[in-house]
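Chemist: here is my input; please provide its structure:
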Amino acid sequence: MADKNKSASKRKARKPAASNKPAAKTESTANSGNETKMPSADNPFGTLSTTDVEALDHMSRNLMQAALKSQKLMSDSMRKALDGKIEMPDTATINSTPELGDVWTKIVSDPEKLMSAQASLMSGYLDLWTNTTKQFYDGGQHDTVKPDAGDKRWRSEDWSENPIFNAIKQSYLLNQNFLMGLVHGVEGVDPAVKRKVEFLTKQMIDALAPTNFALTNPDVIRETMQSKGENLTKGLANLANDLEKGGGRLALTQTDMEGFKVGVDLAATEGKVIFRSEIFELIQYAPTTETVKTRPLLIAPPWINKFYIMDMRQKNSMVRWLTQQGFTVFLISWVNPGPELKEKSFQDYIEKGLFEAIDQVREATGEESVNAVGYCIGGTMLASALALLEARGESDKIASATFFAAQTDFELAGDLLLFVDDAWFNEINRLMDAQGGVLDGRTMSDTFNLLRSNDLVWSFVVSNYLLGRQPQAFDLLYWNADQTRMPQKLHLWYLDNMYRKNRLAKKEIEMDGHTLDLTKVTTPVFMQASRDDHIAPYPSVYRGAKLFGGPVRYMLAGSGHIAGVINHPGANKYQHWVNTDLPDTVEEWQEAATEVPGSWWEEWRDWLYERSGDDVPARQPGDGNLKPIYDAPGEYVLVRS
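Modeler: From the prediction side, this is the model:
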């Protein structure tokens with residue numbers, strides 16, 4: 001009996017010790033977050049530490065909050081869509097199903113080519129399986145297919161070093177090449193239809209990239225784990241803000257719109273507005289040299305965007321650089337038109353815009369002629385104006401003409417031709433009617449963004465909505481988002497006569513009783529194009545260069561529609577190609593061209609010097625007959641759409 005009591009006493013004595021020991025360990029682990037525990041009522045996850053459970057709970061709550069926000073966003077978007085806001089694009093009128101059906105009918109009707117493509121795809125998958133297995137064993141990279149060198153979607157090391165994500169990436173690329181190869185190789189289809197289906201197929205493939213989905217993007221997975229899902233809730237908040245900003249239509253935020261101030265950070269080169277009309281303000285910039293060239297320089301930027309792409313920050317401002325080279329620089333700042341200007345025409349922008357500006361520059365300087373510059377659509381206007389002046393016998397008003405990324409022949413105008421067929425043209429007209437006779441800037445911006453959807457759409461979808469980040473301040477994207485409107489009559493005429501019918505190149509445009517004929521223009525021309533331009537492709541620009549009847553210097557720059565033009569020499573970026581001859585084809589021109597490192601601005605400057613006269617004392621804004629109205633950059637550029 002005593003032994004039994006002794007034994008019981010020992011057992012009772014051991015119980016507290018046994019229960020206290022784990023308690024002490026739990027407290028210690030609570031501080032370190034590293035204890036492995038058995039399942040219990042308090043911790044049903046077993047092997048997870050208390051810290052892990054708290055993190056999982058935090059993530060679960062964030063994901064639940066994200067799910068609820070997603071439901072609300074979907075509900076709100078559907079409600080606004082069902083309300084049928086007339087300002088929204090009507091996708092039914094631009095249905096591309098017939099074209100897709102025609103192309104794919106042709107594809108499947110050629111079984112030999114289809115079987116060959118399928119065999120190539122299956123061979124690629126067999127290689128992919130083998131190479132993925134090798135990567136699991138040896139950790140090396142064994143690529144079956146590689147992305148294009150400039151494709152930024154795969155920058156994360158996980159897409160190469162992690163065998164699973166590497167396999168996902170290469171599987172996507174194999175399917176991409178398979179589909180695009182089939183569409184590109186189809187025969188017996190109208191070229192315009194084929195080009196449209198190629199574009200739409202690429203848009204679909206880009207949208208379905210694994211980089212665009214949270215569960216197949218390693219950067220998003222990592223951010224979700226590290227932030228416990230807060231990136232998704234922040235991303236949905238960003239999405240809600242963009243939908244609200246667009247009134248139910250997604251207005252994708254690409255940059256911090258509070259990061260710059262026009263006239264302070266951008267468009268800050270010193271100058272004065274010396275003339276103003278209902279269409280434009282004329283800016284004369286202050287000289288930065290003691291002497292300037294006799295003949296003034298007048299710049300006509302595109303009215304599709306704000307002019308300050310040519311006067312960004314000091315380090316890359318073309319306007320400032322030109323003043324430093326000894327030019328008296330004048331610039332047209334177009335109005336951001338409202339419905340009251342809906343009846344303004346292309347001819348109005350020539351007569352009351354460019355020609356009025358030339359007359360005012362002559363008044364301000366006392367000179368009889370100007371060297372003129374036209375950028376993009378401003379260049380198309382300048383070319384038309386040259387033909388009109390030639391027909392009127394007034395060609396001496398413009399001593400030389402420079403074109404930046406400007407088209408005068410639209411036969412090879414690139415992907416923008418996809419947006420001017422009958423359905424699109426009628427839809428644009430309907431939208432402009434609904435918006436009071438102007439086209440809102442966002443519509444044009446969305447169109448241009450689609451031409452580089454991976455860089456200008458999907459990269460921001462991932463960053464803003466999946467990673468939950470706030471866009472950073474970037475001057476070029478700020479300018480891109482500072483959109484302008486376009487008058488209905490002008491814009492529809494331009495699309496119809498230039499893009500749809502190519503009437504300027506065909507000598508079919510009548511203006512003020514004259515036929516516009518570029519072959520009769522003998523004014524010296526400097527024509528710049530950019531190798532990677534998706535808006536004014538360099539072969540298209542070259543075709544336009546061949547239309548002029550006088551001496552033409554064609555020059556090809558590296559990069560695209562913006563960076564190819566705005567490339568300050570101090571940046572030491574890109575390259576350009578020179579060839580003073582103008583053979584029949586752009587391929588012949590390229591073959592004989594010489595590559596030169598860096599910016600082309602100095603090449604152009606030297607060409608301008610030959611046509612700018614002697615040096616005279618520098619002209620200050622207001623020295624001539626036109627007095628300053630207010631400081632540059634003026635008022636029109638500050639009007640937001």
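Chemist: show me what counts as buried in stretch 273-286.
Modeler: 273-276, 279-286 (16 or more other C-beta atoms under 10 Å). For glycine as for every other residue, the C-beta is placed from the backbone atoms N, C-alpha and C.
Chemist: in this protein, what helix or strand scores lowest on average pLDDT?
Modeler: Across the helices and strands of the chain, the lowest-confidence element by mean pLDDT, DSSP states H and E is helix 2-32, at a mean of 41.
Chemist: mind listing what A300 touches?
Modeler: 332, 353-354, 357, 372-375, 378-379, 381-382 (C-beta atoms under 8 Å, 6 or more residues apart in numbering).
Chemist: between those residues, which is nearest G634?
Modeler: In terms of C-beta to C-beta, no member of the contacts of A300 lies closer to G634 than I332, at 10.5 Å.
Chemist: so that closest one makes contact with L298?
Modeler: Yes: counting by C-beta atoms under 8 Å, L298 is a contact partner of I332 at 7.4 Å.
Chemist: neighbour count for those two, which is higher?
Modeler: Neighbour totals were compared for I332 and L298, and I332 leads with 27 against 24 (other C-beta atoms under 10 Å).
Chemist: that's a strand at that one, yeah?
Modeler: Yes: under DSSP: H, G, I helix; E, B strand; the rest coil, I332 sits within a strand.
Chemist: tell me what it is bridged to.
Modeler: L282 (DSSP bridges).
Chemist: for it, give its distance to M310.
Modeler: In this view, I332 and M310 are 11 Å apart by C-beta to C-beta, to the nearest Å.
Chemist: between these two, which contacts overlap?
Modeler: With C-beta under 8 Å, 6+ apart as the test, I332 and M310 both reach 299, 301.
Chemist: which neighbours do I332 and L298 share?
Modeler: A357.
Chemist: enumerate every residue touching the residue lying closest to E635 once chain neighbours are set aside.
Modeler: Nearest non-adjacent residue to E635, counting by C-beta to C-beta, 6 or more residues apart in numbering: E281, 7.0 Å away. Residues in contact with E281 (C-beta under 8 Å, 6+ apart) are 273, 275, 332-333, 335, 634-637.
Chemist: distance check, E281 against D265.
Modeler: In terms of C-beta to C-beta, E281 sits 20 Å off from D265.
Chemist: then R452?
Modeler: 25 Å.
Chemist: the two: which has the busier surroundings?
Modeler: Between R452 and D265, R452 has the larger neighbour count (other C-beta under 10 Å), namely 18 against 15.
Chemist: what sits against the more buried one?
Modeler: H534.
Chemist: repeat for the one 3 residues further on
Modeler: For D455, the contacting residues are K152, by C-beta under 8 Å, 6+ apart.
Chemist: show me what counts as buried in the one helix or strand Y125 maps to.
Modeler: Element membership of Y125 [criterion: DSSP states H and E] is helix 111-138. For helix 111-138, burial by neighbour count (16+ other C-beta under 10 Å) applies to 113, 117, 121, 124, 127-128, 131-132, 135.
Chemist: and stretch 433-449, end to end?
Modeler: Terminal residues of stretch 433-449 are spaced 23 Å apart (C-alpha to C-alpha, to the nearest Å).
Chemist: so for that stretch, mean pLDDT?
Modeler: Here stretch 433-449 scores 88 as its mean pLDDT.
Chemist: ok, now stretch 368-386?
Modeler: The model assigns stretch 368-386 a mean pLDDT of 98.
Chemist: can I see the domain layout of this protein?
Modeler: With domains defined by automatic domain parsing, the chain comprises 85-208, 271-418+483-638.
Chemist: of all these, which lies closest to Q435?
Modeler: Among these, domain 85-208 sits nearest to Q435 (C-beta to C-beta), with 6.0 Å.
Chemist: show me what contacts the closest residue to V616 other than its chain neighbours?
Modeler: Nearest residue to V616, sequence neighbours excluded (C-beta to C-beta, 6+ apart): T294, at 5.3 Å. Applying C-beta under 8 Å, 6+ apart, one finds that T294 lies in contact with 367, 612-616.
Chemist: can you pick the most crowded of those residues?
Modeler: Busiest of these [other C-beta under 10 Å] is S612, holding 22 neighbours.
Chemist: contacts only, for the nearest residue to it once chain neighbours are set aside.
Modeler: Using C-beta to C-beta, 6+ apart and skipping the chain neighbours, the partner closest in space to S612 is K293 (3.7 Å). The neighbours of K293, taking C-beta under 8 Å, 6+ apart as the test, are 326-328, 608-609, 612-616.
Chemist: save those residues as CSV, and put in secondary structure and pLDDT too.
Modeler: Output for the contacts of K293, formatted as CSV (DSSP: H, G, I helix; E, B strand; the rest coil; pLDDT from 0 to 100):
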residue, secondary structure, pLDDT
G326, coil, 98
F327, coil, 98
T328, coil, 98
L608, helix, 98
Y609, helix, 98
S612, coil, 98
G613, coil, 97
D614, coil, 97
D615, strand, 97
V616, strand, 97
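Chemist: and the furthest pair within these?
Modeler: Greatest spacing in these, by C-beta to C-beta: L608 and V616 (15.5 Å).
Chemist: and the average pLDDT for stretch 404-420 is what?
Modeler: 92.
Chemist: stretch 174-189 now?
Modeler: Stretch 174-189 comes out at a mean pLDDT of 94.
Chemist: what's around D396, how many residues?
Modeler: 10.
Chemist: and the closest residue to it other than its chain neighbours, how close does it get to D359?
Modeler: Once flanking residues are discounted, D396 sits nearest to S369: 5.8 Å by C-beta to C-beta, 6+ apart. Using C-beta to C-beta, one obtains 12 Å as the distance from S369 to D359.
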